[in-house]
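Undergrad: Test case, fold it:
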Amino acid sequence: MGFTPETVYPETYFKIVLKLGLAGNVKEMEGFCHHMVKDRCPGAGEALLELIDVFVRHGRVSEAVKVLVNMTAGGYRVSVDTFNVLLGALVKEKRDFRDMVLVYKEMVKAGVLPTVETLNYLIEGLLESDRFESALDQYRRMRKKGCSPNSRTFEIIIQALFAKDRTDEAVVVLNEMFELDCQLDLSFYTCIVPLLCRENKPAEGIGLFKMMRASDVMPDSQIYGVLLQCLCKNLYLDDLIKVLEDMIETGLTPPSHVFVDVMNVFCTLGKIDDALKFLEDKHILETSAYNVFLEGCCNTGKITIAKDLLVEMSERNLADCNSWNSLIRWLCENARIREVFELLGRMVVSFSIPDCATYSALVVGNCRISNHREALDIFQHVRAKNWLLDPTSYSELVKGLCLEEMAREAADVFYYMSSNG
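TA: So this is what the prediction gives:
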């Protein structure tokens with residue numbers, strides 16, 4: 001079956017223009033494209049649109065723009081979707097903003113009304129070229145062009161403002177978004193929640209998280225992780241517990257350090273009873289979290305609670321050397337040596353071996369009751385193992401030996417301390 005000239009003609013033009021464009025022969029390609037438009041053969045419009053699509057897919061955006069310009073000059077109808085595809089490709093390739101202006105002007109000349117996607121690409125191009133004021137102006141005027149900002153609009157603008165340290169302006173735009181009650185997607189939350197947390201904006205971060213959950217968008221581990229970290233840092237205890245519980249309910253497992261951070265918040269706020277209830281209710285098995293709690297008990301003088309918990313930890317095989325050391329250190333600093341030795345006995349029975357931190361505490365404890373010779377003996381034991389005491393222990397021992405007029409021994413301790421950093 002033969003082909004009529006009408007059916008062959010646009011196809012032939014298509015092949016020639018495509019071959020020249022993909023080869024980078026722009027000037028020749030443009031000449032054939034001009035003739036193709038001028039001849040107005042049947043099916044030329046569809047062929048030209050397909051050329052734009054193929055050029056964009058092959059990364060030949062300049063060639064696609066040339067085809068578009070010829071189409072609009074020839075009076076061919078071009079849809080807003082085609083303009084958006086070109087604008088999107090220009091943004092993706094970070095082309096000069098003048099190329100975007102050219103495409104947008106062709107759009108205006110063709111009488112095609114922009115969509116929110118069009119304006120988003122323009123705003124993104126303006127921001128990429130450091131034209132922040134113009135980008136914000138476009139954003140403010142979107143409604144005048146019959147469009148409302150969407151999730152992508154806010155993601156582009158807020159991210160760019162934070163990247164340029166224009167934090168106050170970013171928060172203003174974020175608050176405008178809250179007022180608009182805009183429907184946000186996962187991409188926005190994944191991008192902006194971590195940004196807010198890194199900028200230490202816990203109120204805004206938790207506000208977005210609540211919006212996210214209210215709209216049934218499921219957070220991922222990254223969002224939970226950065227938000228929990230930010231809330232811990234700023235001691236937002238109530239929100240912290242709610243976010244953590246929400247994470248567990250969704251089936252995600254929090255990293256073990258999260259429970260340590262949460263216990264730090266409880267203890268920093270002096271909420272020891274609430275911290276203990278949290279440990280019990282959540283069935284936490286991380287020794288490090290219990291150790292933070294023990295430290296908190298010691299810092300607030302709740303030694304009875306600490307002792308009872310340490311016994312329980314030992315029975316459940318949760319206690320490690322640091323667990324024992326926390327309480328031993330406090331008892332030593334408060335000169336309660338008899339209780340220290342009782343605790344040391346339990347420590348050894350539970351197969352926890354005293355370490356340099358344990359001996360550092362014992363040095364301090366003996367110095368506090370003016371038993372400097374015993375403290376010196378402990379130091380000699382530490383030196384024999386090539387261990388190091390902590391700075392406070394060295395300081396108290398040297399000071400005590402000087403008070404006992406044991407200058408040679410004090411000098412010996414000082415020399416060992418300074419020689420070993």
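
Undergrad: Give me the mean pLDDT for stretch 19-32.
TA: For stretch 19-32, the mean pLDDT works out to 82.

Undergrad: what's the span of that stretch from first residue to last?
TA: From its first residue to its last, stretch 19-32 covers 11 Å (C-alpha to C-alpha, to the nearest Å).

Undergrad: what about it, distance to the chain center?
TA: Distance of stretch 19-32 from its chain centroid, counting by C-alpha atoms, centre = their mean, to the nearest Å, is 46 Å.

Undergrad: May I see the buried residues of that stretch?
TA: For stretch 19-32, the neighbour count (16 or more other C-beta atoms under 10 Å) marks 20-21, 29-30, 32 as buried. (Glycine included, C-beta is placed from N, CA and C.)

Undergrad: What of stretch 202-209?
TA: For stretch 202-209, burial by neighbour count (16+ other C-beta under 10 Å) applies to 202, 204-209.

Undergrad: could you point out the longest helix in this structure?
TA: Assignment by DSSP state H gives helix 5-23 as the longest helix of the chain.

Undergrad: Give the other helices and strands that that helix contacts.
TA: Counting contacts by 3 or more C-beta pairs under 8 Å, 6 or more residues apart in numbering; DSSP states H and E, helix 5-23 packs against helix 26-39, helix 44-57, helix 61-73.

Undergrad: again, 6 Å this time
TA: On a contact count with 3 or more C-beta pairs under 6 Å, 6 or more residues apart in numbering; DSSP states H and E, helix 5-23 meets helix 26-39, helix 44-57.

Undergrad: still on that earlier bit, pick the one among the buried residues of stretch 19-32 closest to residue 163.
TA: Closest approach to residue 163 among the buried residues of stretch 19-32 (C-beta to C-beta): residue 21, at 35.2 Å.

Undergrad: gap between the nearest residue to the closest one once chain neighbours are set aside and residue 209?
TA: Of all residues not flanking residue 21 in the chain, residue 63 sits nearest, at 3.9 Å (C-beta to C-beta, 6 or more residues apart in numbering). Residue 63 is 45 Å from residue 209, where distance means C-beta to C-beta, to the nearest Å.

Undergrad: likewise residue 227?
TA: In terms of C-beta to C-beta, residue 227 sits 6 Å off from residue 209.

Undergrad: And residue 220, by the same measure?
TA: 12 Å.

Undergrad: same deal with residue 240?
TA: According to C-beta to C-beta, residue 240 and residue 209 sit 11 Å apart.

Undergrad: Can you say which of the helices and strands packed on helix 5-23 is packed in most?
TA: Counting by mean count of other C-beta atoms under 10 Å, helix 44-57 has the highest mean neighbour count of these, with a mean of 19.

Undergrad: so where's the protein shaky on pLDDT?
TA: Scanning the chain for pLDDT under 70 picks out 1-9, 421.

Undergrad: So for it, the centremost residue is which one?
TA: Central residue of the chain (C-alpha atoms, centre = their mean): residue 194, 3.8 Å from the mean position.

Undergrad: my guess is that one meets residue 226, correct?
TA: Yes: the pair formed by residue 194 and residue 226 meets the contact definition of C-beta atoms under 6 Å, at 4.5 Å.

Undergrad: helix/strand/coil for residue 184?
TA: For residue 184, the assignment made with DSSP: H, G, I helix; E, B strand; the rest coil gives coil.

Undergrad: Tell me, how many residues neighbour it?
TA: For residue 184, the number of neighbouring residues by other C-beta atoms under 10 Å comes to 20.

Undergrad: Which residues are in contact with it?
TA: Contact analysis of residue 184 by C-beta atoms under 6 Å, 6 or more residues apart in numbering lists residue 151.

Undergrad: returning to that earlier point: for the helix or strand harbouring the residue nearest to the centre of the chain, name the packing helices and strands.
TA: Per DSSP states H and E: residue 194 is located in helix 186-198. Under the contact definition 3+ C-beta pairs under 6 Å, 6+ apart, helix 186-198 sits against helix 151-163, helix 202-214, helix 221-233.

Undergrad: which parts of the helix or strand that the last one is followed by are buried?
TA: Moving toward the C-terminus from helix 221-233, the first helix or strand encountered (DSSP H and E) is helix 237-249. Neighbour-count burial for helix 237-249, counted by 16+ other C-beta under 10 Å, picks out 237, 239-244, 247.

Undergrad: tilt between helix 237-249 and helix 202-214?
TA: Using axes from the mean of the first three to the mean of the last three C-alpha atoms, to 10 degrees, the direction of helix 237-249 lies 30 degrees away from that of helix 202-214.

Undergrad: going on from helix 237-249, what's the next piece of helix or strand?
TA: Immediately after helix 237-249, counting by DSSP H and E, sits helix 256-268.

Undergrad: got the contact list for that following helix?
TA: Under the contact criterion C-beta under 6 Å, 6+ apart, helix 256-268 has outside partners 228, 232, 235, 237, 274-275, 284, 286, 288-289, 292-293, 296.

Undergrad: from the chain's centre, how far out does it sit?
TA: How far helix 256-268 lies from its chain's middle: 19 Å, per C-alpha atoms, centre = their mean.

Undergrad: Please apply the same query to stretch 229-249.
TA: Centre-to-centre, stretch 229-249 and its host chain are 15 Å apart (C-alpha atoms, centre = their mean).

Undergrad: List of residues touching that stretch?
TA: 197, 202, 205-206, 224, 227-228, 254, 261, 265.

Undergrad: Try it again at 7 Å.
TA: 197, 200, 202, 205-206, 209, 213, 224, 227-228, 254, 258, 261-262, 264-265, 268-269 (C-beta atoms under 7 Å, 6 or more residues apart in numbering).

Undergrad: ok, now stretch 320-329?
TA: Contacts for stretch 320-329 (C-beta under 7 Å, 6+ apart): 287, 290-291, 294-295, 298, 306-307, 310, 313, 340, 343-344, 347, 352-353, 355, 357-358, 361.

Undergrad: returning to what we had before: what residues of the longest helix of the chain count as buried?
TA: Within helix 5-23, the residues that count as buried by 16+ other C-beta under 10 Å are 9-10, 13-14, 16-18, 20-21.

Undergrad: Tabulate these (TSV), appending distance to residue 186.
TA: Conversion of these to TSV gives the following (distance: C-beta to C-beta, whole Å):
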residue	distance to residue 186
9	48
10	43
13	44
14	40
16	45
17	40
18	38
20	42
21	37
